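Asks: Model the following, please.
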Amino acid sequence: DGAFLSRFEDTGGVVEMESSVNETRETLREVVQYIKQQIIDVEEGLKKSWGEIYEKEGYRGIKKRWEKILGYPLSEDFELRAREFTKGAVKEIVRELRIRTDNRRLSAILRPINGIIREAEFKAINSGSAYVEAHHVREAIKEHTKLDGFIRDLNIKMKRELKKYLEENTTSIGYVVGLAVFESPTTGQRYGTPMPIRCQIDATGYDRIVATGKIGTIAKEAAENVKASIRRSFKKADCIYIGYEMHIEYIQSYGDVEGDSASLSMAVGLISDYIGVGINQKYGVTGSIAGDVILSVGGVAEKVRSVMDIELGMDGVCIPWQNRMDIEPLLINAEAEYIQRAHIPGIRIYRGEYGLYPFDIFFCKTTYDALEILMGLKKEEIEERMLKRSR
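Replies: Below you'll find the predicted structure:
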């Protein structure tokens, strides 16, 4: 949110700005109108840039220069005109606006969307398509992300290292794949990213938590909160509590890690290390905790989307029950179905056609719900193992 000064009609004033708006029939109509305005701008731009060449050399001259300048191959029967968006393509734009904000609103920051619309137009022209289809928009979103040098370099590094990490670790004791969001310093746009975390707990006779890596004040406080939650878990399991030193390491933190959304990941990793049971590394985790209860966090749609690439090999995520509505944008133009494991509900999204590449999103209310998904152990089994270890 923000504001800027107005000097309309020589009178000073402050115009309030909002970064997001409620999703209503009116705002959706305005989104469609905005897309249409961009289509008109593309059409005018094409005429201005290529009209003279077309009059002198025809499509052959345009094709030759287009491929040389832009590097895109054009089909022989291409038409140099802006395409209208199909209903599915418009849905993809709405989907992106939903993902870029929280609380089921639409992002009002439209400048980045301009580039996506134009890129989708060019992809439709290049392929000779009669309309801009949903897949053109999805491809444009990926290309738009690459245009931000910071995002491009960080995403390449993160995905390369996470893929290597997953190949080496299918189930690992004390290791958990957390989910985080970071902000681009050039555009201010938030992006999700996976962040593996290593946790270790040792009996020392005194309480101490050591969190290494570049973490901020809130993240450090979250680590202290995890320590208190672990103590409650010991008490509930009737374990003898003698004091423990807890180590938490953010394995791939290239910038400051801030916020408390890694609280659940830390708690899961510490319990895993204590009872000696490995965590399924094919699942990501995000959530804040208060005792055993999982609380909502921000940027859930961006976090989940960051690990949905088929090439990463991830099978799903655990997110707070309170955030279950935040993943709704990911269901647009996607094949999905309701699933349930034990008492824990979820959604299965198919990333490929014909039911291929399923990705499961489970909505967890307590730490034990997440542990059941990630370890395959029920609450009673976990407490029994904790009690056995403490004796």
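
Asks: what ranges do the strands span in the stretch 51-200 of the chain?
Replies: Across the stretch 51-200 of the chain, reading from the start of the chain, the strands by DSSP state E, counting those that start in this stretch fall at 105-107, 171-172, 175-183, 190-203.

Asks: what's the offset of the first one from the middle of its chain?
Replies: Meaning strand 105-107. Going by Cα atoms, centre = their mean, to the nearest Å, the spacing between the C-alpha centre of strand 105-107 and its chain's C-alpha centre is 16 Å.

Asks: that older thread, okay, the strands of the stretch 51-200 of the chain, which one's buried deepest?
Replies: strand 175-183 (a mean of 24; mean count of other Cβ atoms under 10 Å). The C-beta positions use only the backbone N, C-alpha and C, and glycine is treated the same way.

Asks: Report all helices and strands that that strand contacts.
Replies: When contacts are defined as 3 or more Cβ pairs under 8 Å, 6 or more residues apart in numbering; DSSP states H and E, strand 175-183 packs onto strand 190-203, helix 263-275, strand 283-285, helix 300-306.

Asks: How far off centre is it?
Replies: Taking mean C-alpha positions (Cα atoms, centre = their mean), strand 175-183 and its chain are 10 Å apart.

Asks: Okay, now the sheet partners of that strand, with direction.
Replies: Partners of strand 175-183 in the sheet, by DSSP bridges, are strand 190-203 (antiparallel), strand 283-285 (parallel).

Asks: would you turn the ones you listed into TSV with distance to residue 292?
Replies: Shown next, in TSV, are the strands paired with strand 175-183 (distance: least, Cβ to Cβ, whole Å):
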stretch	distance to residue 292
strand 190-203	17
strand 283-285	15
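
Asks: Check those strands for me: which has the lowest mean pLDDT.
Replies: The minimum mean pLDDT among these belongs to strand 190-203 (a mean of 83).

Asks: Can you name the element that comes right after that one?
Replies: Secondary structure here is assigned by DSSP states H and E; on that basis, the next helix or strand after strand 190-203 toward the C-terminus is strand 208-212.

Asks: Partner strands of that following strand and their direction?
Replies: Taking DSSP bridges as the criterion, strand 208-212 forms sheet pairs with strand 244-250 (parallel).

Asks: What average pLDDT does the strand it pairs with get?
Replies: If you average the pLDDT values across strand 244-250, you get 81.

Asks: Name the nearest residue to residue 264, sequence neighbours excluded.
Replies: residue 287 (3.6 Å; Cβ to Cβ, 6 or more residues apart in numbering).

Asks: what's around the one you found, how many residues?
Replies: For residue 287, the count of nearby residues is 30 (other Cβ atoms under 10 Å).

Asks: for the chain, what helix or strand is lowest in average pLDDT?
Replies: Ranking every helix and strand in the chain by mean pLDDT, DSSP states H and E puts strand 2-6 at the bottom, with a mean of 47.

Asks: Report the secondary structure state of residue 326.
Replies: Three-state call for residue 326 (DSSP: H, G, I helix; E, B strand; the rest coil): helix.

Asks: Skipping its backbone neighbours, what lies nearest it in space?
Replies: Using Cβ to Cβ, 6+ apart and skipping the chain neighbours, the partner closest in space to residue 326 is residue 300 (4.3 Å).

Asks: right, and the strands of the stretch 51-200 of the chain - which one's nearest residue 369?
Replies: Of all those, the one in closest proximity to residue 369, counting by Cβ to Cβ, is strand 175-183 (14.8 Å).

Asks: circling back to that earlier point, pLDDT value on the residue nearest to residue 264, please?
Replies: Among the per-residue scores, residue 287 shows a pLDDT of 93.

Asks: Report the separation between it and residue 349.
Replies: Residue 287 is 19 Å from residue 349, where distance means Cβ to Cβ, to the nearest Å.

Asks: of all the strands paired with strand 175-183, which lies closest to residue 384?
Replies: Set against residue 384 and scored by Cβ to Cβ, these come closest in strand 190-203, at 17.6 Å.

Asks: Run a quick neighbour tally on the residue nearest to residue 326.
Replies: Applying other Cβ under 10 Å, we find 28 other residues in the vicinity of residue 300.

Asks: try residue 33
Replies: The number of residues near residue 33, taken as other Cβ under 10 Å, comes to 9.

Asks: now residue 234
Replies: Under the neighbour criterion other Cβ under 10 Å, residue 234 is assigned a count of 20.

Asks: before we move on, what about the one 5 residues further on?
Replies: When neighbours are defined as other Cβ under 10 Å, residue 239 has 18 of them.

Asks: Where does pLDDT dip in the stretch 151-300 of the chain?
Replies: Low-confidence regions of the stretch 151-300 of the chain, defined here as pLDDT under 70, cover residues 151-171, 184-189, 212-225, 241, 251-260.

Asks: so where do the helices sit in this protein?
Replies: With DSSP state H applied, the chain shows helices at 25-70, 87-99, 111-127, 134-147, 149-168, 217-236, 263-275, 300-306, 367-375, 379-390, listed in chain order.

Asks: Could I get those helices in TSV, plus columns for distance to residue 80?
Replies: Listed next are the helices of the chain as TSV, based on distance: least, Cβ to Cβ, whole Å:
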stretch	distance to residue 80
helix 25-70	6
helix 87-99	19
helix 111-127	7
helix 134-147	16
helix 149-168	29
helix 217-236	52
helix 263-275	51
helix 300-306	34
helix 367-375	52
helix 379-390	63
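
Asks: With respect to burial, which of those helices scores highest?
Replies: Here the criterion is mean neighbour count by mean count of other Cβ under 10 Å, and of these the winner is helix 263-275, at a mean of 27.
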